[in-house]
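Enquirer: 3D, please:
(one chain, ligands or ions: 1)
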Amino acid sequence: MMEYSPVIGLEIHAQLLTRSKLFCACATTGDDAPNSRTCPECLGHPGALPVLNAEAVRMAIRAGTALGCTLHPDSRFARKHYFYPDLPKGYQITQYDRPIGTGGALRFRMPDGNIAHAAIQRIHLEEDAGKLIHTETDARADDNRCGTPLLEIVTYPVFISPEAAVAFLQELRRMLMYIGICDGSMEHASLRCDANVSLRDTANAPGQRTEIKNLNSFRHIEHALHWEIDRQRTVLASGGTVEAVTLLWDENANAGSIMRGKESAADYHYVDDLDLPELVITTEEIESVVATLPELPLARAERLVQEHGLSHYDADVLTADRMMVDFFEELLRCLPADRRAALTKSAVHWINGELLAAMKNQACGTIPVDAARLAHLLERIDDGSISHSAAKLVFENMCGSSQDADALIAELGLLQVSDETTLRALAEDILEAHPAEVHAFQNGKQGLLGFFIQRMMEQSQGKADPRRSSAILRDLLAGAGDQEMKEATARRSEQEGSERSARAGEGDSP
Ligand SMILES: [Zn+2]
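Expert: The predicted structure follows:
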């Protein structure tokens, strides 16, 4: 049987974070009552004239630069004609034969950990359509989304597996969020993806492409691509031919359905939109945008691995959110230089653990503590002033207040007890109060050490230094064990002695 390998290309629509629409002053977000954010221009009333949003152009330049595209000084808008109830104008303004950017690539980490480059074919600006709201009995058009600016990013068909396509998309999403042009929400459709799929045979002959429309989660994309690859394999294996079709993915049914025959460009009757002049961008404009571009997330993750010895996993979790990784690097800067390397792991741990959890609990979009105070808290754990569990309490109190670590440790009375005499006295009291457990420990139930440490923590309100406490308890238990052993030996020899004399009394001789 002929072997086939999949070839996947992606078209991504990223909604740009501008305040107003691409060609009119209507807001892109806000009042969501249907048809509340519309005007004659975005509804395509006769005589309305589109005016290009300069901020959307700057955002396209940002993305084009980050992707290494060639940005063209004179691109052009065209009208793409089709009929659908969510498109009141009867055409969509987009860029066709003269897009703003071509070429470029995005580096991303493949599922096996290796870095790959996905070649970009083009990027262009276009406006979004409205949407239909389906009820039990009818469907209504909501035109609020009409004219919302989108950046379409088209890759070459370079992905050899659904997993690779998803890995690329995750990196692209992170990058677009980093450079501040898209909120990356697939759930709210600000990032959507169409995928085209074909199978190549062993002779490398390309197969017929099909397209799956409007995929809105990484999981759906992966499922849909696997399903379509399997479908094409089955068609070819039974001697059939793959038709050029457009499919819709139904996640609940875990199946795609053929929506229509795939259109060709001719079906759309593209014409230049003569209401809009050429889109001219100057070298100065490009340079001013380039100057404000941040370090891109994958490069930043790699730098963290190199400079601070982070694992790829930790670096990836941290760089998932620019605000978090900015905070991480600031936290490192706040630590004393001679302790920085030693405390890096602890810093990662606190940010990816306690801090993320606190932000999730409070559902707040900002970091509730400043780096300098958290750095000070990490130092206090490191120098043994407070235990890890006490530090969590300090951290909780630190969030949303302006008090520093030392003030809170004092106020909450959490300074760790590591004084030998105090701890030893406490440990002795505890062992005395639990003779049964001491006995069981000495008969091999070593796990009971945890029980005693637990009591130490309770008795000291969490202030006993756990490492010291553990050492002292071991020491005392071993001592008590020696004592018991001596007593047992003494008892045994006594017993043996009397047995011997009893036997002697019976007159038994060896
Ligand atoms: Zn409008």
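
Enquirer: My understanding was that Cys399 contacts Asp370; is that so?
Expert: No. The pair Cys399 / Asp370 is not scored as a contact, 10.4 Å apart, by Cβ atoms under 8 Å. All C-beta spots, glycine's among them, are computed from the backbone N, C-alpha and C.

Enquirer: got a pLDDT number for Ile160?
Expert: On pLDDT, Ile160 comes in at 94.

Enquirer: residues in contact with it?
Expert: Residues in contact with Ile160 (Cβ atoms under 8 Å, 6 or more residues apart in numbering) are 5-8.

Enquirer: hmm, which of the residues you listed are the buried ones?
Expert: Buried members of the contacts of Ile160, counted by 16 or more other Cβ atoms under 10 Å: 6-8.

Enquirer: Using JSON lines, please lay out these together with distance to the ion, secondary structure and pLDDT.
Expert: Output for these, formatted as JSON lines (distance: Cβ to the ion, whole Å; DSSP: H, G, I helix; E, B strand; the rest coil; pLDDT from 0 to 100):
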{"residue": "Pro6", "distance to the ion": "41", "secondary structure": "strand", "pLDDT": "95"}
{"residue": "Val7", "distance to the ion": "40", "secondary structure": "strand", "pLDDT": "96"}
{"residue": "Ile8", "distance to the ion": "36", "secondary structure": "strand", "pLDDT": "97"}
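
Enquirer: Distance to Lys360 for the residues you listed - can I get that in JSON lines?
Expert: Formatted as JSON lines, the buried ones among the contacts of Ile160 follow (distance: Cβ to Cβ, whole Å):
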{"residue": "Pro6", "distance to Lys360": "37"}
{"residue": "Val7", "distance to Lys360": "40"}
{"residue": "Ile8", "distance to Lys360": "34"}
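
Enquirer: what about Cys399 and Asp370, which has more around it?
Expert: Each of Cys399 and Asp370 has its neighbours counted (other Cβ atoms under 10 Å); Cys399 has more, 18 against 15.

Enquirer: burial count for Leu172?
Expert: 26.

Enquirer: Where does it fall, secondary structure wise?
Expert: Assigned by DSSP states H and E, Leu172 belongs to helix 162-178.

Enquirer: Report the buried residues of that helix.
Expert: For helix 162-178, by 16+ other Cβ under 10 Å, it's 162, 164-178.

Enquirer: Stretch 418-432 too?
Expert: Going by 16+ other Cβ under 10 Å, stretch 418-432 has these buried residues: 418, 423-424, 426-427, 430-431.

Enquirer: Can you tell me which one of the residues you listed sits lowest on pLDDT?
Expert: Ranked by pLDDT, those bottom out at Ser418, which has 76.

Enquirer: Please identify the pairing partners of whatever helix or strand comes next after the helix holding Leu172 and their relative orientation?
Expert: Using DSSP H and E, the helix or strand that follows helix 162-178 in sequence is strand 191-201. Within its sheet, strand 191-201 is paired with strand 4-15 (antiparallel), strand 210-215 (antiparallel), according to DSSP bridges.

Enquirer: Give me the mean pLDDT for strand 191-201.
Expert: pLDDT averaged over strand 191-201 gives 95.

Enquirer: So which bits of it are buried?
Expert: Residues of strand 191-201 classed as buried by neighbour count (16+ other Cβ under 10 Å): 191-200.

Enquirer: quick one: that strand to helix 162-178, angle?
Expert: If you take axes from the mean of the first three to the mean of the last three Cα atoms, to 10 degrees, strand 191-201 sits at 150 degrees to helix 162-178.

Enquirer: returning to what we had before: adding distance to Val154, write the strands paired with strand 191-201 out as CSV.
Expert: Formatted as CSV, the strands paired with strand 191-201 follow (distance: least, Cβ to Cβ, whole Å):
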stretch, distance to Val154
strand 4-15, 5
strand 210-215, 12
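
Enquirer: Is it correct that Arg424 is in contact with Ile472?
Expert: Yes. Using Cβ under 8 Å, Arg424 makes contact with Ile472 at a distance of 5.4 Å.

Enquirer: ok, back up a step: closest to Ile286 out of the buried ones among the contacts of Ile160?
Expert: Distance to Ile286 across the buried ones among the contacts of Ile160 (Cβ to Cβ) is lowest for Ile8, with 31.1 Å.

Enquirer: residues near the residue in the stretch 51-200 of the chain that the ion sits nearest to, how many?
Expert: Closest contact between the stretch 51-200 of the chain and the ion, by Cβ to the ion, is at Gly147 (5.5 Å). Neighbour count for Gly147, taken as other Cβ under 10 Å: 29.

Enquirer: ok, which pair from the contacts of Ile160 is furthest apart?
Expert: It's Ser5 and Ile8 that sit farthest apart of those, by Cβ to Cβ, at 10.5 Å.

Enquirer: Which residue lies nearest the spatial centre of this protein?
Expert: Ala320 (4.6 Å; Cα atoms, centre = their mean).

Enquirer: where does that residue fall, phi/psi-wise?
Expert: phi -60, psi -30 (degrees, to the nearest 10).

Enquirer: Tell me, how many residues neighbour whatever residue of the stretch 301-450 of the chain ends up closest to the ion?
Expert: For the stretch 301-450 of the chain, the residue closest to the ion is Gly365, as judged by Cβ to the ion, at 28.4 Å. For Gly365, the neighbour count with other Cβ under 10 Å is 7.

Enquirer: how about it, what does it touch?
Expert: With contacts taken as Cβ under 8 Å, 6+ apart, Gly365 has no neighbouring residues.
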